[in-house]
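> Sequence and predicted structure are below.
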Amino acid sequence: MRESDNYWTRLQSRKVSRRGFVAGTGVVAAGSAAILAGCGDDDKGKSTPQATAAGSGTAAATAATTAAANAPVKGGTLRITKTEKDDGLDPAGRVVNQDYEQGQAYMWTHAYRTSDGTVMLDAAEKIETPDATTMIVTLHKGIMFHDNVANGRELTAADLKFSIDRIPEIRKNKGGNSPEIVFDWIDSVEVTDKYTAKIKQRIPFASRFIALGSRNPFAIVGKEVVDANGGVIDNVTAGSGPYLLTKRDATGTTLDRNPKYFKRPKAGPGFPVEPYVDKIEVKIQTDASGIKAAFLDGQTDYLTQAAVPVDKLSFDEYKNNKNVVAEKVASFNQLLLFYDNLALVDDRVREAIALAINYDEFIATLYAGDGRYQGHVSGGFGSLALDPKEAKDLHPFNPQKAKQLWEAAGKPFNNTIRMITPPVLKLMSDATEIIKGHLEKNLGVKVEVASTDINTFVGAAVKPGRKDWECFVSYFPQVQFLPEYNALAGVMPTAFGANTSNWKVDHPDGHVADAAKQAVKLYEAQAGALDPKEREQKMHELERFIMKGYWGGIALPVASTNYAIFNKRLQNVPFKDSPLGLDARVHDIWIKA
């Protein structure tokens with residue numbers, strides 16, 4: 001397969017010069033953004049601008065001064081806010097409110113930049129893909145764990161194997177929230193020498209490079225610390241990353257530069273020879289007005305949009321602020337109305353709830369009209385997602401039929417629907433209120449909404465067995481770089497669908513169980529399709545099956561545009577990928593005095 005046939009670059013309708021990845025064979029090498037797959041450069045034949053001599057000494061001096069002023073400098077403190085404490089630090093299983101605590105205390109084989117298809121090598125010196133079911137990872141020599149991790153010893157391929165091998169156990173028996181859909185394509189990991197590991201896959205997987213680079217669950221951890229803490233590292237770190245976690249309490253966290261961090265022989269995309277920022281301070285702040293005021297006053301560096309959503313009506317306030325960078329970026333948003341499929345076994349009940357929601361009104365109210373219909377794969381993935389028109393056709397609003405179905409099903413749950421929401425996450429709580437109004441008006445039901453903090457909300461969502469709710473709204477703000485790991489992860493029986501939506505292959509109702517088995521079959525068919533067009537068709541088939549059966553939950557409309565809002569003193573921010581959380585992984589952001 002030629003690298004110019006790269007599935008990702010075609011999906012994003014972009015010709016990426018030597019920066020994609022190939023699902024079949026190739027090598028990703030350190031110091032380059034490219035996958036060297038033994039094929040020609042996509043830019044072949046294009047003219048390259050040639051350097052010309054400066055017209056005068058003054059011009060040369062001016063250029064030198066400008067270059068010096070814009071050159072990255074070390075130092076300074078990156079200031080972040082979040083709305084609540086994390087739910088634990090273990091990168092194999094915890095996914096709530098620890099972006100920087102995990103992203104900067106650990107290393108991964110690589111990270112992935114969705115906006116241009118760049119594979120950014122981290123702990124890996126190179127990654128080879130000799131065939132469709134093998135990955136060979138060669139790690140850098142000289143990477144040392146933190147002093148309090150395994151006595152600061154060197155990180156090796158055995159640590160990579162251990163880190164991958166422990167993921168299924170964390171998920172199955174220790175409350176892990178990273179779903180199987182992200183890791184169960186891996187069959188085994190073999191250590192072939194001190195710095196090399198061979199990953200054998202259970203199935204061909206078109207998204208393998210993207211999955212392996214994800215923050216959860218593939219961070220490389222030290223076995224000694226994991227063993228000393230009973231197998232789960234929720235309250236300590238066990239990494240080798242550029243920063244040390246020096247504070248973690250109810251007020252927030254602090255990460256200080258790791259003086260013994262690995263110095264790369266050569267800078268690469270996202271990862272300079274060494275990081276620029278000295279310290280990262282993450283402050284917990286729950287009041288939305290306070291979060292916004294602190295940002296506008298220059299006290300924090302990013303606007304926490306989970307608490308202070310930005311839309312087309314509020315964007316200009318930031319765009320016109322001389323101390324703020326405000327950019328419109330592609331939307332990879334996902335918003336899902338989860339169903340409890342132990343409660344909503346009757347097909348009529350699931351369909352009634354779906355038909356009772358006025359989606360056009362939902363878009364007008366929540367997004368000031370700037371919204372789009374989509375399925376369980378974000379529209380940000382281009383042709384891999386359903387066409388918006390088809391997605392709209394699969395979201396009919398029919399209040400008359402909705403009420404008929406609801407009444408024919410016997411007005412279940414004593415004609416009361418229970419929902420949960422964390423008010424601190426304004427988008428989710430606002431969406432919940434809109435849906436509450438629609439269901440009460442169009443079904444004639446009572447809707448009870450329980451307000452909780454985020455960690456209680458997550459606990460209620462994943463509680464085994466029959467839930468304390470019938471449906472709830474949730475969104476996936478930072479995991480959409482992998483098409484399987486967005487709203488699909490919310491409903492698939494091999495992901496959150498099994499425990500959150502209770503849609504699983506061993507469901508006690510045979511009809512529900514058979515549908516789950518069919519979804520798994522369709523999912524694996526698309527995952528193993530290495531031809532982009534074939535994969536698009538199979539993914540669409542999967543989405544249609546889920547949406548027509550109202551299985552797991554409803555993919556709600558989302559904002560058409562995302563916004564990156566940050567303090568102007570920050571330089572080299574990967575703002576196109578900020579909504580996907582890349583800021584918390586890269587090391588090349590720097591602070592201009």
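The structure has been received and is ready for your questions.
> Between the two ends of stretch 520-539, how far is it?
Stretch 520-539 has its terminal residues 12 Å apart, counting by CA to CA, to the nearest Å.
> and what of stretch 438-458?
From start residue to end residue, stretch 438-458 stretches across 25 Å - CA to CA.
> In it, which residues are buried?
Judged by neighbour count (16 or more other CB atoms under 10 Å), stretch 438-458 contains these buried residues: 438, 439, 442, 443, 445, 447, 449, 454, 455, 457, 458. (Each C-beta comes from the backbone N, C-alpha and C, glycine too.)
> Need the residues you listed in a markdown table (columns: pLDDT, secondary structure and distance to residue 351).
A markdown table is the format used below for the buried residues of stretch 438-458 (pLDDT from 0 to 100; DSSP: H, G, I helix; E, B strand; the rest coil; distance: CB to CB, whole Å):
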| residue | pLDDT | secondary structure | distance to residue 351 |
| --- | --- | --- | --- |
| 438 | 98 | helix | 15 |
| 439 | 98 | helix | 13 |
| 442 | 98 | helix | 13 |
| 443 | 98 | helix | 12 |
| 445 | 98 | coil | 15 |
| 447 | 98 | strand | 18 |
| 449 | 98 | strand | 22 |
| 454 | 85 | helix | 31 |
| 455 | 83 | helix | 33 |
| 457 | 91 | helix | 26 |
| 458 | 85 | helix | 28 |
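> Residue 430: which of the residues you listed is nearest?
Nearest to residue 430 out of the buried residues of stretch 438-458 is residue 449 (CB to CB; 11.8 Å).
> Who is the closest residue in space to residue 251 that isn't next to it in sequence paired with across the strands?
Leaving aside its sequence neighbours, residue 251 sits nearest to residue 284 (CB to CB, 6 or more residues apart in numbering; 5.9 Å). For residue 284, the beta-bridge partners are residue 82 (DSSP bridges).
> Tell me who's in contact with residue 284.
Applying CB atoms under 8 Å, 6 or more residues apart in numbering to residue 284 gives the contacts 81, 82, 83, 84, 85, 250, 251, 252.
> Look up phi and psi at the nearest residue to residue 202 once chain neighbours are set aside.
The shortest distance from residue 202 to any non-neighbouring residue, by CB to CB, 6+ apart, is to residue 187 (4.1 Å). Backbone torsions of residue 187, given as degrees, to the nearest 10, read phi -90, psi -50.
> For burial, what's the neighbour tally of residue 187?
Close neighbours of residue 187, defined as other CB atoms under 10 Å, add up to 11.
> Equivalent analysis for residue 512, please.
Neighbours of residue 512 (other CB under 10 Å): 21.
> Enumerate the positions of stretch 292-307 that are buried.
Within stretch 292-307, the residues scored as buried using 16+ other CB under 10 Å are 292, 294, 295, 296, 300, 301, 302, 303, 304, 305, 306, 307.
> Turn these into TSV, including pLDDT and secondary structure.
Output for those, formatted as TSV (pLDDT from 0 to 100; DSSP: H, G, I helix; E, B strand; the rest coil):
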residue	pLDDT	secondary structure
292	95	helix
294	96	helix
295	96	helix
296	96	helix
300	97	coil
301	97	coil
302	95	strand
303	94	coil
304	88	coil
305	87	coil
306	80	coil
307	85	coil
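> Any figure for the gap between the residue nearest to residue 202 and residue 199?
8 Å (CB to CB, to the nearest Å).
> same question, residue 395
Taking CB to CB, one finds residue 395 at 39 Å from residue 199.
> Do I have it right that residue 348 meets residue 407?
No. At 9.4 Å, residue 348 does not count as touching residue 407 under the criterion of CB atoms under 8 Å.
> Show me which of the two is the more surrounded one.
Neighbour tally, residue 348 and residue 407, criterion other CB under 10 Å: the higher count belongs to residue 348, 18 against 14.
> How about the secondary structure of the more buried one?
With DSSP: H, G, I helix; E, B strand; the rest coil as the basis, the three-state label of residue 348 is helix.
> which residues sit in contact with it?
405, 406, 408, 409.
> Of the residues you listed, keep whichever come out buried.
By 16+ other CB under 10 Å, the contacts of residue 348 give 405, 406, 409 as buried.
> Quick check: the first one vs residue 545, distance?
In this structure, residue 405 and residue 545 are separated by 20 Å, where distance is defined by CB to CB.
> go on, residue 186?
26 Å.
> neighbour count winner among those two?
residue 186 (22 against 16).
> I'd say the more buried one and residue 198 touch.
No. Residue 186 is beyond contact range of residue 198, at 11.2 Å (criterion: CB under 8 Å).
> How about the backbone phi and psi for residue 280?
The phi/psi pair for residue 280 (degrees, to the nearest 10) is phi -130, psi 120.
> bridging residues for it?
residue 78, residue 255.
> I'd say it and residue 76 touch.
No. Judged on CB under 8 Å, residue 280 makes no contact with residue 76 at a distance of 10.1 Å.
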